[in-house]
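Chemist: Sequence first, then the predicted structure:
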Amino acid sequence: MLKKYLLYGIFGCLLVLVGCNKDEEEITSPSYADRNWFVIPDKPGEFNQLVYKIYAETGVPIFVSDTLGEEYYAKDAEGNPILRTEKFNLSYVMFGSTEDDRQGSTHYIVQSSDTPAMLKAAELIRNRVLPHVPKVGEALPKCYFLVDSLNENANLILPWSQLPCRIENKPLYVAMKGVVVGQLCDILQMTDEEIDLWCGRVIASKLVSWMLNGNMNMDLVKWYAITNEGTRDAYYNKAYASTASEYNFDVYKDMGMLGWYVDIPDVRATYTQEDDLIEYVARVYAYRGREQEFLDRYADYDKVLRKFQMMQGFVNTFEEWWDLK
């Protein structure tokens, strides 16, 4: 009799376990395959059809929403579906800090609702950016995320304090999930020269990431050294109050940079090394075929000319490496 009850008990436990596993499988069973959120579907609409065609031809997705997609994840206790949303998170990193080179700096976006601006930006990327981007490898962006405006809240480090500073309408930001491309709010009114620079910066975004990933270390050391000639310190990523002598420097002549990163009445700040590289790579592409115009424009600035000429060589090395000639 005892053996009989024991068998009944074991059988009952097995039924409970099977039932639990069944419920659990219905709710949370994994697919064992990660969904590719960077696929552009074939959907109606002029912009949707354009980016679908670009994706089909090049494999490069272009987004205008920070919501990449949704998928069914589970059911709640009442049987209602639970959806998981995949977002384009600007702060997502696998290692290290979510802050960029400027201490405490964070970026935020304003998404675009201007279809003509979206169309123009996507067409420029297709026609003037992607021909200069490798088809595979680390220099190929995972995606482009087009936004109305890209803004930054930064803390500028001064000798006695930190100064909060808002930088509006930046051209781009290289995030873990792709390149955020801004200034769609202005793109329909841009001049030809401004369009050239916009395209050049988008090209530069991942090209510079490739440079900084250990591919040109010794060359970059020499390039940075031109900027820092004449100072015991380094000019990169510095903020100067109006009382500092550097505040009144000619940023082109004394530092070899193509402008101030921040220029307000009481404070000026310089580019980071990455920003400086992007600005010069952008000029190499913007002035390609008319390099003499650049040389004439900056003829009085020795540092600028030397950095531009060195950068032309760096870009040639990149294009030869990825067979883009």
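Modeler: All right, it came through fine. Numbering: from 1, shown residues only.

Chemist: residues in contact with stretch 50-64?
Modeler: Contact with stretch 50-64 is made by 38-43, 47, 88, 111-112, 118-119, 122-123, 125-126, 130, 133, 135, 140-147, 178, as judged by Cβ atoms under 8 Å, 6 or more residues apart in numbering. Yep, even glycine has a C-beta here, placed from its N, CA and C like the rest.

Chemist: For PyMOL, what selects the buried ones among those residues?
Modeler: Command for PyMOL that selects the buried part of the contacts of stretch 50-64, burial taken from 16 or more other Cβ atoms under 10 Å:
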select buried, resi 38+40+47+88+112+118+119+122+125+126+130+133+140+141+143+144+145+146+147+178
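
Chemist: Might you report the residue contacts of the residue nearest in space to the middle of the chain?
Modeler: The centroid of the chain falls nearest to V174 when counting by Cα atoms, centre = their mean (1.7 Å). By Cβ under 8 Å, 6+ apart, the residues touching V174 are V180, S205, K206, V208, S209.

Chemist: what are the ranges of the strands in the stretch 101-250 of the chain?
Modeler: 106-110, 144-146, 149-157, 162-167, 172-175, 178-181, 239-241 (DSSP state E, counting those that start in this stretch).

Chemist: Among the ones you listed, show me which one is buried the most.
Modeler: strand 144-146 (a mean of 26; mean count of other Cβ atoms under 10 Å).

Chemist: Show me what that one is in contact with.
Modeler: With Cβ under 8 Å, 6+ apart, strand 144-146 has contacts from 60-64, 66, 88, 112, 118, 121-122, 125, 175, 177-181, 184, 202.

Chemist: Quick one: residues in contact with stretch 243-253.
Modeler: Counting by Cβ under 8 Å, 6+ apart, stretch 243-253 makes contact with 235, 238, 240-241, 255, 257-260, 267-268, 270, 298, 300-304, all of which sit outside it.

Chemist: cutoff 10 Å now
Modeler: Under the contact criterion Cβ atoms under 10 Å, 6 or more residues apart in numbering, stretch 243-253 has outside partners 158-159, 230-231, 233, 235, 238-242, 254-255, 257-261, 263, 266-268, 270-271, 298, 300-304.

Chemist: and these, which of them are in helices?
Modeler: Per DSSP state H, helices hold the following members of the contacts of stretch 243-253: D254, M255, D302, K303, V304.

Chemist: What's opposite the residue nearest to the centre of the chain in the beta bridge?
Modeler: Taking DSSP bridges as the rule, V174 bridges to V179.

Chemist: And it, how far from Y108?
Modeler: 16 Å (Cβ to Cβ, to the nearest Å).

Chemist: Okay, now the unreliable bits of the stretch 101-250 of the chain?
Modeler: Across the stretch 101-250 of the chain, the ranges flagged by pLDDT under 70 are 101-105.

Chemist: There's contact between L90 and L172 in this structure, I believe.
Modeler: No - L90 is beyond contact range of L172, at 11.7 Å (criterion: Cβ atoms under 10 Å).

Chemist: Between these two, which contacts overlap?
Modeler: With Cβ under 10 Å, 6+ apart as the test, L90 and L172 both reach F145, V147, L150, V180.

Chemist: dump the residue contacts of R297.
Modeler: R297 neighbours (Cβ under 10 Å, 6+ apart): R283, Y287, V304.

Chemist: between these, which is closest to I226?
Modeler: V304 (9.2 Å; Cβ to Cβ).

Chemist: Compute the number of surrounding residues for that closest one.
Modeler: Counted with other Cβ atoms under 10 Å, residues neighbouring V304 total 24.

Chemist: swap in E229?
Modeler: Residue crowding around E229 was assessed by other Cβ under 10 Å; the count is 13.

Chemist: pretty sure it contacts K303?
Modeler: Yes - at 7.1 Å, E229 counts as touching K303 under the criterion of Cβ under 10 Å.

Chemist: any common contacting residues for those two?
Modeler: Shared contacts of E229 and K303, counting by Cβ under 10 Å, 6+ apart, come down to D254, M255, G256.

Chemist: separation between the last one and R35?
Modeler: The gap separating G256 from R35 is 47 Å, by Cβ to Cβ.

Chemist: Of these two, which one has the most company?
Modeler: G256 (25 against 12).

Chemist: Skip the chain neighbours and tell me the closest residue to that one.
Modeler: Setting aside the residues directly before and after it, G256 is nearest to K303 in space (Cβ to Cβ, 6 or more residues apart in numbering), at 2.9 Å.

Chemist: pretty sure the one you found contacts M255?
Modeler: Yes - using Cβ under 10 Å, K303 is in contact with M255, at 7.0 Å.

Chemist: Many thanks, have a good one.
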